[in-house]
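Asker: starting from these lines, generate the structure:
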Amino acid sequence: MPVDREAVLDSAKYLRGVRPLDPDELREYVADQPHEAVVRQVLREHAADLGLVERADGTFVPASGDPVHPVFDGVDALPREYERVVEDLLVERWGPDWHRGDSGASLRETIRRFKEDYYRQHAVEYDYDVALGYAVYHLASYYAAVQYALADLAEGGLLTDDLRVLDVGAGVGGPALGLFDFLPEDALVEYHAVEPSDAADVLEELLAETGRNVHPTIHRETAEAFDPDGEYDLVLACSVLSELAEPVETAQTYVDALAGEGSFLGLAPADKHTSTHLREVERDLESRGATVYGPTPRLWPGERPTDRGWTFDERPAVEQPSFQERLAGASQRPSEFTHTEVRFSYSLLRTDGVRQHDVSLSADRLLKLADADDRVTDRVDAVLAKLSRNLADEGANPLFKVSDGSEDEDCYAVLVRPTSLNRDLRRADYGDLLSVESALVLWNDDEGAYNLVVDEETVVDAA
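Answerer: Model (predicted):
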């Protein structure tokens, strides 16, 4: 006999604000008294609509909607359960020796081809073999990268334990898995993936390994064709904006789909083309009314940067996944198929005016980087965000990209004389604000950039 779903749901709505919902107790409120397992399944299927979290003891409680503050110390490796899924798919496709012989050679050639297409800015066609190759090569690094960007939102109290998420161009799922594992286990996530290619088949298998409070739906449509339904607390657009014919117009559709306190996260590889393209999209969306939350700052009222915008973060490499190690180990050039670096560019946008650094500078004393040309050879004071790790070659003076959101040329801080008074330049994290006193402004004609020389006379403090 079919269960009376409406009776189960009506009872759940009535009792959820009174006490934890126990499926065994809830069945007593339904006329035909269905089995406990049936009631549990109905609650699971409607948990997102009801705003319910399933606890470890088997009861259901309302999600609080409170901000989450996970203890986050970085990412070491792709979890074993995801490795196992990818390995199983590879074995299913090519057999237990998938990494050797003709199948291994074919997969390596597939990876070479999409790497080359990406480098030459050609469109990549994602059939099932390409999707598997993409998982082998990229899954672990994207799984890690997104969590560092999410940490910015969590630090600002902008991620809650009740999220409606839209993942545009979800691919095989690295960013999605990173999001789910970044959040606490008792966070409620209604997850919608937009992915038209065969990568959705890989994504579907990986989503089966996610927690009981993740409720996924895959929409096999293009980013341009999909019509967002309702509002979303978080929109992910990871490694997709550079592949769209009209990236700004398409991204605007998804910015418009944000809830009032929602966030849009654009993520891209750190290479010059995709990184600067992401920044161009960010600036165009800002001109249309979006607020740049971070990591690029806007510290001067009415000012926006017009430099080339190449800025990226770099974090410790992840452990090589076993499937990547096998494929690389069977090659004469293992490094060609080893990808464990975590280097990425990201943009966080909102529509409520909230910024990561709520700062509004005035020109009474401080240098505005837009005016750097007027202060060449002067010593200046400034407030800046650090937007890179050390970019200098080994043995050279440490070099860091800096920004205040007004610059029209690239600006760098060059550490020529380390002291205890300027050590915060090295110590600061990506995106952190720094107060700089008595830096020497120079123009670097070779690089077409301004250098703020930090020496024994310069004081740098975390702001």
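Asker: ok, Thr419 - contacts?
Answerer: Glu456 (C-beta atoms under 8 Å, 6 or more residues apart in numbering). No exception for glycine: its C-beta is placed from N, CA and C like everyone else's.
Asker: what about it, distance to Glu456?
Answerer: Distance of Thr419 to Glu456, computed by C-beta to C-beta, to the nearest Å: 5 Å.
Asker: and Val85, by the same measure?
Answerer: Taking C-beta to C-beta, one finds Val85 at 55 Å from Glu456.
Asker: between these two, which has more neighbouring residues?
Answerer: The residue with more neighbours, out of Val85 and Glu456, is Val85; 20 against 11, by other C-beta atoms under 10 Å.
Asker: now do the more buried one against Pro96, distance only.
Answerer: Taking C-beta to C-beta, one finds Val85 at 16 Å from Pro96.
Asker: and Val318, that's in a helix?
Answerer: No - membership of Val318 in a helix is not supported by DSSP: H, G, I helix; E, B strand; the rest coil, which gives coil.
Asker: residue contacts, it?
Answerer: With C-beta under 8 Å, 6+ apart, Val318 has these contacts: Val75, Asp76, Ala77, Leu78, Ala140, Ser141, Tyr143, Ala144, Thr340, Val342.
Asker: which of these fall in helices?
Answerer: Among the contacts of Val318, the members falling in helices (DSSP state H) are Ala140, Ser141, Tyr143, Ala144.
Asker: any idea what the nearest residue to the second one once chain neighbours are set aside is bridged to?
Answerer: Take Ser141 and drop its neighbours on the chain: the residue closest to it by C-beta to C-beta, 6 or more residues apart in numbering is Val342, 5.5 Å away. Taking DSSP bridges, one obtains Arg315 as the residues bridged to Val342.
Asker: please apply the same query to the one 5 residues further on.
Answerer: With DSSP bridges applied, the residues forming beta bridges to Ser347 are Gly266.
Asker: and the pLDDT at it?
Answerer: Ser347 is assigned 98 on the pLDDT scale.
Asker: number of residues surrounding it?
Answerer: Quick note: Ser347 (other C-beta under 10 Å) scores 27 neighbours.
Asker: now the one 4 residues further on
Answerer: Under the neighbour criterion other C-beta under 10 Å, Thr351 is assigned a count of 17.
Asker: all numbers from here: first residue = 8
Answerer: Will do, 8 is the new start, and the previous item becomes Thr358.
Asker: where's it relative to Asp104, distance?
Answerer: 52 Å.
Asker: just the CA trace of stretch 133-150, in CSV.
Answerer: Extracted C-alpha coordinates of stretch 133-150, given in CSV (Å, rounded to 0.1, in the frame of the first residue of the first chain):
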residue,chain,number,x,y,z
TYR,A,133,33.6,16.7,-22.7
ASP,A,134,32.7,13.1,-23.7
TYR,A,135,32.9,10.4,-21.1
ASP,A,136,36.6,9.6,-21.7
VAL,A,137,37.5,13.3,-21.4
ALA,A,138,35.5,13.5,-18.2
LEU,A,139,37.4,10.6,-16.7
GLY,A,140,40.7,12.2,-17.8
TYR,A,141,39.6,15.4,-16.2
ALA,A,142,38.8,13.6,-12.9
VAL,A,143,42.3,12.0,-13.0
TYR,A,144,44.1,15.2,-13.6
HIS,A,145,42.0,18.0,-11.9
LEU,A,146,39.7,16.5,-9.3
ALA,A,147,42.1,16.7,-6.3
SER,A,148,43.4,20.2,-6.9
TYR,A,149,39.9,21.7,-7.5
TYR,A,150,38.6,19.9,-4.4
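Asker: ok, which stretches of the stretch 258-407 of the chain are strands?
Answerer: All strands of the stretch 258-407 of the chain, identified by DSSP state E, counting those that start in this stretch, fall at 265-276, 298-301, 320-322, 349-357, 386-393, 406-410.
Asker: Asp371: neighbour count?
Answerer: Based on other C-beta under 10 Å, the number of other residues close to Asp371 is 5.
Asker: before we move on, what about the one 4 residues further on?
Answerer: By the criterion of other C-beta under 10 Å, Lys375 has 21 neighbours.
Asker: okay, it: pLDDT?
Answerer: 97.
Asker: phi, psi of it?
Answerer: Lys375 adopts backbone torsions of phi -90, psi 130, taken as degrees, to the nearest 10.
Asker: thought Ser410 was touching it, still the case?
Answerer: No - counting by C-beta atoms under 8 Å, Lys375 does not reach Ser410; the two are 11.5 Å apart.
Asker: joint contacts of those two?
Answerer: If you check Lys375 and Ser410 against C-beta under 8 Å, 6+ apart, no residue is contacted by both.
Asker: pretty sure Leu195 is touching Asp56, no?
Answerer: No - applying C-beta under 8 Å, one finds Leu195 not in contact with Asp56, separated by 10.7 Å.
Asker: more neighbours: which of these two?
Answerer: Neighbour tally, Leu195 and Asp56, criterion other C-beta under 10 Å: the higher count belongs to Leu195, 24 against 11.
Asker: what residues are bridge-paired with that one?
Answerer: Going by DSSP bridges, Leu195 forms beta bridges with Asp169.
Asker: for Gly164, see how far away it is.
Answerer: 18 Å.
Asker: before we move on, what about Lys408?
Answerer: Distance of Lys408 to Gly164, computed by C-beta to C-beta: 27 Å.
Asker: which of these two has more residues huddled nearby?
Answerer: Taking neighbours as other C-beta under 10 Å, Lys408 and Gly164 compare with Lys408 leading, 21 against 12.
Asker: give me the number of residues near Thr313?
Answerer: Neighbours around Thr313, by other C-beta under 10 Å: 12.
Asker: spatially nearest residue to it, not counting backbone neighbours?
Answerer: Per C-beta to C-beta, 6+ apart, closest to Thr313 is Asp415, 4.5 Å.
Asker: what's the helix or strand for Ala156?
Answerer: For Ala156, the host element (DSSP states H and E) is helix 135-162.
Asker: next, the angle from that helix to strand 265-276.
Answerer: Using axes from the mean of the first three to the mean of the last three C-alpha atoms, to 10 degrees, the direction of helix 135-162 lies 120 degrees away from that of strand 265-276.
Asker: circling back to that earlier point, using TSV, lay out the strands of the stretch 258-407 of the chain together with distance to Asp205.
Answerer: Formatted as TSV, those follow (distance: least, C-beta to C-beta, whole Å):
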stretch	distance to Asp205
strand 265-276	21
strand 298-301	34
strand 320-322	30
strand 349-357	25
strand 386-393	40
strand 406-410	38
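Asker: which one of those lies closest to Asp453?
Answerer: strand 406-410 (12.9 Å; C-beta to C-beta).
Asker: direction included, what does the following helix or strand past the closest one pair up with?
Answerer: Per DSSP H and E, the first helix or strand lying C-terminal to strand 406-410 is strand 417-422. Here strand 417-422 is paired, per DSSP bridges, with strand 406-410 (antiparallel), strand 456-461 (parallel).
Asker: okay, now the domains of the protein?
Answerer: Here the domain parsing of the chain from automatic domain parsing is 12-69, 87-357, 376-469.
Asker: closest one to Pro77 among these?
Answerer: Of all the domains of the chain, domain 87-357 comes closest under C-beta to C-beta, at 6.0 Å.
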